[in-house]
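Engineer: whatever this is, show me its structure:
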Amino acid sequence: MRPARALVLLALTAPGCGGSEEHSLVLPFTPSNIGDVEVEEPADLVVRETALLDGSAEAPSISGVDEGFARISIVEQADGGRVALFVVEDLEVLPEARLIVVGGSLPIVLLATRDVRIAGGIIVGPSVAQPTEAYGGGGDGGAGAAEPGGGDGAGGGADTAAHTGGGGGGYCGAGGAGGPEADNGGATYGSAGLVPLRGGSGGGAGVGGAGGAGGGALQITSGGYITITGTGFVHVGGGGGRAGAGGGGSGGAILLEAEVVAVDGTLAANGGGGGGNDPGDDQDGASASPDAAPALGGVVPPPDGPRNSGGPGAAGPVTVGGPGAYLLAPEPPLADTAGGGGGGAGRIRVRSSAGAPDGAGRFSPEIETGCTTFDEIDSPFFE
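Structural biologist: Prediction:
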């Protein structure tokens, strides 16, 4: 049996005879980015197949799961920004199951009063069908011709006079430039602590292709333990730039905090690939994947190519998005620009009493890059 918690954080109310009965939710440490809130008494949240989460400011919701868990629509961060907060008792994502953010512009905080176990996947990235549209606090990709992306590290738009494609979005790592001599890759921003919680940034549009959106932001706070099994993953990658030299979106943000965090699976915040700018098919940049493999830029395969290919997204040991290539002017009606730049790496933060997670987990960006960091929380039970 766990010891009684020391810090009263939330006041819980549940229906009782003749009114409401107050309950105290207490955690062993002060969580990031959320203050005192009031919620109904939470229940377990178990994701058995595919569940869809909407983090909109109007009506945050989860579909495809058992009803009964408590839900807080909006919580304000210290800087005035807002998050969509979901409060549960135990949180479990079963093997092969997926919890996917499919709407809303707010970063997501999942607060479990007890334990979290992820054996499946949690995805907070752009729309698969429309990679320019960001969810979970990421920045949209530039949509109109030469339009910059969204977010604090937005990639710049294309410039035909300079033969420049769209720049990749930046976050912890800078976005790739839209050409070997360009300087329109998105800038770095934010802090390693992920306070406040912010998502990634979008790539700039090419003349003929939209930029990819930035990955979203997810915080998981547990009053017990967080376990990411060997089959489990959390994926906040950026979207790929579209054909016509769109820049790739940057990776987003993952923040895990609990007394004990064990990671044997994968945490990934990679950038998307830039769009190519040459005749032919398969010119879209790839969206980021939940591993350490870089998302490829759009390219014409040999023997005709590669020519004006998009830059790869950041992943693994590389935090900066790759620049787009410019080898020769494409034939009309394509605009005369290089390929789009790849998106930069996002940020990963793990807070635990040990100061580092247990397990043999896989982190992309890698720990050595400084874009994945660990921190020790102040807990009275682990001194």
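
Engineer: report the buried residues of stretch 228-237.
Structural biologist: Of the residues in stretch 228-237, those with enough neighbours to count as buried (16 or more other Cβ atoms under 10 Å) are 228, 229, 232, 233, 234, 235, 236, 237. Yep, even glycine has a C-beta here, placed from its N, CA and C like the rest.

Engineer: now the terminal residues of it, how far apart.
Structural biologist: With Cα to Cα, to the nearest Å as the measure, stretch 228-237 spans 18 Å from end to end.

Engineer: about what we covered before: can I get the buried residues of stretch 228-237 in CSV with secondary structure, distance to residue 181 and pLDDT?
Structural biologist: Written out in CSV, the entries for those read as follows (DSSP: H, G, I helix; E, B strand; the rest coil; distance: Cβ to Cβ, whole Å; pLDDT from 0 to 100):
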residue, secondary structure, distance to residue 181, pLDDT
228, strand, 42, 98
229, coil, 46, 98
232, coil, 43, 98
233, strand, 37, 98
234, strand, 37, 98
235, strand, 33, 98
236, coil, 31, 98
237, coil, 28, 98
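
Engineer: nearest to residue 146, of those residues?
Structural biologist: Closest to residue 146 out of the buried residues of stretch 228-237 is residue 237 (24.8 Å), distances taken as Cβ to Cβ.

Engineer: OK, contacts around the closest one?
Structural biologist: For residue 237, the set of contacting residues under the criterion of Cβ atoms under 8 Å, 6 or more residues apart in numbering consists of 125, 215, 251-252, 268-272, 287-290, 295, 313, 346.

Engineer: most surrounded residue in those residues?
Structural biologist: With neighbours defined as other Cβ atoms under 10 Å, the most crowded of the contacts of residue 237 is residue 271; it has 53 neighbours.

Engineer: pLDDT score for residue 130?
Structural biologist: pLDDT for residue 130: 88.

Engineer: for residue 18, that is, sorry about that
Structural biologist: The confidence metric pLDDT takes the value 38 at residue 18.

Engineer: farthest-separated two in the buried residues of stretch 228-237?
Structural biologist: Greatest spacing in the buried residues of stretch 228-237, by Cβ to Cβ: 229 and 237 (20.3 Å).

Engineer: on that earlier part again, let me know the closest of the contacts of residue 237 to residue 170.
Structural biologist: Among the contacts of residue 237, residue 271 lies closest to residue 170 (Cβ to Cβ), at 8.7 Å.

Engineer: which residues are in contact with the closest residue to the closest one other than its chain neighbours?
Structural biologist: The shortest distance from residue 271 to any residue that is not its chain neighbour, by Cβ to Cβ, 6 or more residues apart in numbering, is 2.8 Å, and that residue is residue 343. By Cβ under 8 Å, 6+ apart, residue 343 lies in contact with 155, 168-170, 175-176, 186, 200, 203, 212, 214, 238, 247-251, 270-274, 288, 295, 313-314, 321.

Engineer: now with 7 Å?
Structural biologist: Applying Cβ atoms under 7 Å, 6 or more residues apart in numbering to residue 343 gives the contacts 168-169, 175, 203, 212, 238, 248-251, 271-272, 313-314, 321.

Engineer: for residue 122, same thing?
Structural biologist: Taking Cβ under 7 Å, 6+ apart as the definition, contacts of residue 122 comprise 93, 99, 218, 234.

Engineer: of the residues you listed, which is the most crowded?
Structural biologist: Going through the contacts of residue 122 with other Cβ under 10 Å as the criterion, the one with the most neighbours is residue 218, at 30 neighbours.

Engineer: residues contacting that one?
Structural biologist: Neighbour list for residue 218: 108, 122, 124, 136, 234, 236, 254 [criterion: Cβ under 7 Å, 6+ apart].

Engineer: partner residues bridging it?
Structural biologist: Bridge pairing for residue 218 (DSSP bridges) gives the partners residue 108, residue 254.

Engineer: now swap in residue 349 and tell me
Structural biologist: The partner list for residue 349 in beta bridges (DSSP bridges) reads residue 255, residue 373.

Engineer: now it: how far from residue 373?
Structural biologist: For residue 349, the distance to residue 373 under the criterion Cβ to Cβ, to the nearest Å works out to 6 Å.

Engineer: neighbour count: these two, which is higher?
Structural biologist: Counting neighbours by other Cβ under 10 Å for residue 349 and for residue 373 shows that residue 349 has the greater number, 23 against 19.

Engineer: pLDDT at the more buried one, what is it?
Structural biologist: For residue 349, the predicted pLDDT is 98.

Engineer: and for residue 10?
Structural biologist: The per-residue pLDDT reported for residue 10 equals 52.

Engineer: same check, this time on residue 223
Structural biologist: For residue 223, the pLDDT comes out at 91.

Engineer: where in the stretch 1-150 of the chain is pLDDT low?
Structural biologist: Across the stretch 1-150 of the chain, residues meeting the criterion (pLDDT under 70) sit at 1-26, 36-40, 67-68, 70.

Engineer: if we go to 90?
Structural biologist: Within the stretch 1-150 of the chain, the segments meeting pLDDT under 90 span 1-30, 35-43, 57-61, 63-76, 78-80, 127-130, 144-145.

Engineer: mind listing the strands for it?
Structural biologist: Counting by DSSP state E, counting those that start in this stretch, the stretch 1-150 of the chain has strands at residues 7-16, 19-27, 38-40, 45-47, 50-54, 61-63, 70-76, 82-88, 91-93, 98-103, 108-112, 116-118, 121-123.

Engineer: pick the one among the buried residues of stretch 228-237 closest to residue 144.
Structural biologist: Distances from residue 144 to those, taken by Cβ to Cβ, are shortest for residue 237, at 24.0 Å.

Engineer: over to the closest one: give its phi and psi.
Structural biologist: Residue 237 adopts backbone torsions of phi -80, psi 160, taken as degrees, to the nearest 10.

Engineer: measure it to residue 60 for me?
Structural biologist: With distances defined as Cβ to Cβ, the gap from residue 237 to residue 60 amounts to 22 Å.
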